[in-house]
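Novice: any chance you could fold what I've pasted below:
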Amino acid sequence: MGAKVWSTAAVVIAAAAAAGAGIVTWEGRVWDEHAQDLASYKEAPVKTVIFTETARTWRTRAFTVEVELLNGLKMVWQGGAEFGLGTKTKASLDLTQGIGAQIAADKSVEGFGDELVIETSITGTVKPVVWRLNPITYRAPENAFVCQAEAASITGEKSGQDIDARFVLGGWSCRTAEEIAANAPSTESMKDLRAEIRVGEKPIADFTFTSGPFVSGELSGDGTRAAFISARSAGPASEDKDGKAAQRWDERVELSVTNPKTGGESASEIGLDLTITNLSEAFLTDLQTATQETAVNPDAAFRVLGIWSRAFMKDGIALNLTDARYVRGKDAAHLKGAFAYKAADPNAQGQELARGASWGTFELAIPQALIAKQTAAVYTASGDLRLIDGVYQSKLEIFENACFVNGNYKGNPIALLSLF
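Specialist: Model (predicted):
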């Protein structure tokens, strides 16, 4: 009985070993095919890719990949791969060639090092790709200031038709020569940075960012958050300039700072939530093109303004300010409203006719505890603020030819600039 058990076990082990060897051979063959495919990759901004195998065994590979970009820059990666119950490929930037050599020669940068890791499971499924960066130090000329960045990583993976990329940085800080000499703490720093971007079907990539404690001069806080998320506009798709159904998009923006402090003043939160609605892909394309032009031609900024103006007045784009807030303890000031074009009533008469199309309405509410009495007195005397149940309130109405604050005429829209 014992001999039969051991002989059976030997057969199982031999079969498993044979299967494992077969898997390694299969994984190596698949890896070789993908490696050779690199040479045909020519999507912008890549000009050419040259893959060179430098060594191999039945379960490993060593290689060099040289990538030249359309702008002439060159990157060379040295790496290796291992096979068996999945593959693991690692590569690092060669610091003796191309961009790597430029980084190594730059005496202002210390500690640069990286590792790109690509893994697949036994079934061939690609795991999230990870690019790790070592902590680095940057020294400005004559040590005017020194900046340090902790270890960072960028992770990328495919999610359906989208590509997700995540960035993590433990923190960074900068100190001037004077601060270093005095062994003083940094006045520019941020901890626990995390960002995520999703690129895919949407014309605007989704982006989120968070951080931990930060210091910037006299301003400091316990954390920050920013989010830019797009979604399909509700309702049926409208027609584009060719009369075809065109999908519209809404872009939601959320910004906040937790426990900000500056100049001896502190708050619990400063935040902003708004949505830009009814964005067409044609508008986004025109805006992107015009914005890029401003980099070489500052006059193109007028074209950017023109694109926004036409979209607002003729294409139905609107800005909805859900809430802009300043919170201190239990008290919170809020600004809410919408910047949206509404054509004037063709049958309007008198003042209604004179003020023209409506551009938007905003309402401000400030608790008494958040505004100095002397300041409040000035604005209540002018009628710009009204005290109602312990809260100073104001309503701003913007028209094509007139502005009103709490019903009081304030001139044309250009007069708004005098409020700032």
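Novice: can you give me the strands in the stretch 51-200 of the chain?
Specialist: 60-69, 74-83, 87-93, 109-110, 114-120, 129-133, 136-139, 145-149, 152-159, 162-176, 188-199 (DSSP state E, counting those that start in this stretch).
Novice: got it, and the stretch 301-420 of the chain?
Specialist: Counting by DSSP E, counting those that start in this stretch, the strands of the stretch 301-420 of the chain are 318-328, 331-342, 358-367, 386-388, 391-399, 403-405, 408-409.
Novice: which other helices and strands contact the longest one?
Specialist: This means strand 331-342. For strand 331-342, the packing partners by 3 or more C-beta pairs under 8 Å, 6 or more residues apart in numbering; DSSP states H and E come out as helix 300-314, strand 318-328, strand 358-367. Just so you know, the C-beta spots here come from the backbone N, C-alpha and C atoms, and that holds for glycine as well.
Novice: please point out which parts of that strand sit buried.
Specialist: By neighbour count on 16 or more other C-beta atoms under 10 Å, the buried set for strand 331-342 is 332, 333, 334, 335, 336, 337, 338, 339, 340, 341.
Novice: so for residue 224, which of the strands of the stretch 51-200 of the chain sits nearest?
Specialist: Residue 224 sits nearest to strand 188-199 of all the strands of the stretch 51-200 of the chain, at 8.1 Å, using C-beta to C-beta.
Novice: what's the distance between residue 251 and residue 203?
Specialist: Noted for residue 251: a distance of 10 Å to residue 203, by C-beta to C-beta, to the nearest Å.
Novice: again with residue 385
Specialist: In terms of C-beta to C-beta, residue 385 sits 41 Å off from residue 203.
Novice: the more surrounded of those two?
Specialist: Set residue 385 next to residue 203 and count neighbours by other C-beta atoms under 10 Å: residue 385 wins out with 22 against 16.
Novice: please look at that one and residue 395 and confirm they touch.
Specialist: No: counting by C-beta atoms under 8 Å, residue 385 does not reach residue 395; the two are 10.4 Å apart.
Novice: show me the residue sitting in the middle of this structure in space.
Specialist: Central residue of the chain (C-alpha atoms, centre = their mean): residue 207, 4.0 Å from the mean position.
Novice: that one contacts residue 225, correct?
Specialist: No: if you go by C-beta under 8 Å, residue 207 and residue 225 don't touch, sitting 11.7 Å apart.
Novice: can you tell me how far residue 121 sits from residue 42?
Specialist: From residue 121 across to residue 42, the span is 29 Å (C-beta to C-beta).
Novice: try residue 384
Specialist: Distance, residue 384 to residue 42, using C-beta to C-beta: 61 Å.
Novice: which one's more surrounded, the two?
Specialist: residue 384 (18 against 10).
Novice: spit out the contact partners of the more buried one.
Specialist: Residue 384 makes contacts with 394, 405, 406, 408, as judged by C-beta atoms under 8 Å, 6 or more residues apart in numbering.
Novice: count the neighbours of the third one for me.
Specialist: This points to residue 406. Neighbours around residue 406, by other C-beta under 10 Å: 16.
Novice: and if you look at the last one?
Specialist: Here the count is done by other C-beta under 10 Å, and residue 408 has 10 residues near it.
Novice: what about the residue nearest to it when sequence neighbours are not counted, distance to residue 249?
Specialist: Among residues not flanking residue 408 along the chain, residue 383 sits closest, at 4.9 Å (C-beta to C-beta, 6 or more residues apart in numbering). Here the criterion is C-beta to C-beta. By it, residue 383 lies 40 Å from residue 249.
Novice: between these two, who's got more neighbours?
Specialist: Taking other C-beta under 10 Å, residue 383 and residue 249 do not tie; residue 249 has more neighbours (19 against 12).
Novice: just to check, residue 280 is in contact with residue 315?
Specialist: Yes: Residue 280 lies in contact with residue 315 (C-beta under 8 Å); the separation is 6.5 Å.
Novice: which residues touch residue 49?
Specialist: For residue 49, the contact set (C-beta under 8 Å, 6+ apart) comprises 38, 39, 41, 42, 65, 66, 67, 68.
Novice: phi, psi for it please.
Specialist: Per-residue torsions, residue 49: phi -130, psi 130 (degrees, to the nearest 10).
Novice: re the thing from before, the helix or strand encompassing the residue nearest to the centre of the chain vs strand 188-199, what angle?
Specialist: Following DSSP states H and E, one finds residue 207 within strand 206-211. Calculated by axes from the mean of the first three to the mean of the last three C-alpha atoms, to 10 degrees, strand 206-211 forms an angle of 160 degrees with strand 188-199.
Novice: make 12 the first number, not 1, from now on.
Specialist: Will do, 12 is the new start, and the previous item becomes strand 217-222.
Novice: helices or strands next to strand 217-222 in the packing?
Specialist: strand 199-210, strand 234-243.
Novice: isn't the residue nearest to residue 419 right next to residue 416, touching?
Specialist: Yes: taking C-beta under 8 Å as the definition, residue 394 is a contact partner of residue 416 at 7.3 Å.
Novice: now list whatever residues contact both of those two.
Specialist: Overlap of the contact sets of residue 394 and residue 416 (by C-beta under 8 Å, 6+ apart) is empty.
Novice: how much space between residue 265 and residue 102?
Specialist: For residue 265, the distance to residue 102 equals 37 Å [C-beta to C-beta].
Novice: of the two, who's got more company?
Specialist: Set residue 265 next to residue 102 and count neighbours by other C-beta under 10 Å: residue 102 wins out with 20 against 17.
Novice: so who does the residue nearest to the more buried one when sequence neighbours are not counted touch?
Specialist: Counting by C-beta to C-beta, 6+ apart, residue 102 lies nearest to residue 90, which is 2.9 Å off, once chain neighbours are set aside. Counting by C-beta under 8 Å, 6+ apart, residue 90 touches 73, 74, 75, 76, 100, 101, 102, 103, 127.
Novice: quick check: bridge partners of residue 90?
Specialist: Residue 90 has these beta-bridge partners by DSSP bridges: residue 74, residue 102.
Novice: ok, residue 242 next?
Specialist: Where residue 242 sits in a bridge, its partners, by DSSP bridges, are residue 261.
Novice: pLDDT at it, what is it?
Specialist: Looking at residue 242, its pLDDT reads 91.
Novice: that one and residue 261 touch, don't they?
Specialist: Yes: applying C-beta under 8 Å as the test, residue 242 and residue 261 come out as touching, 5.4 Å apart.
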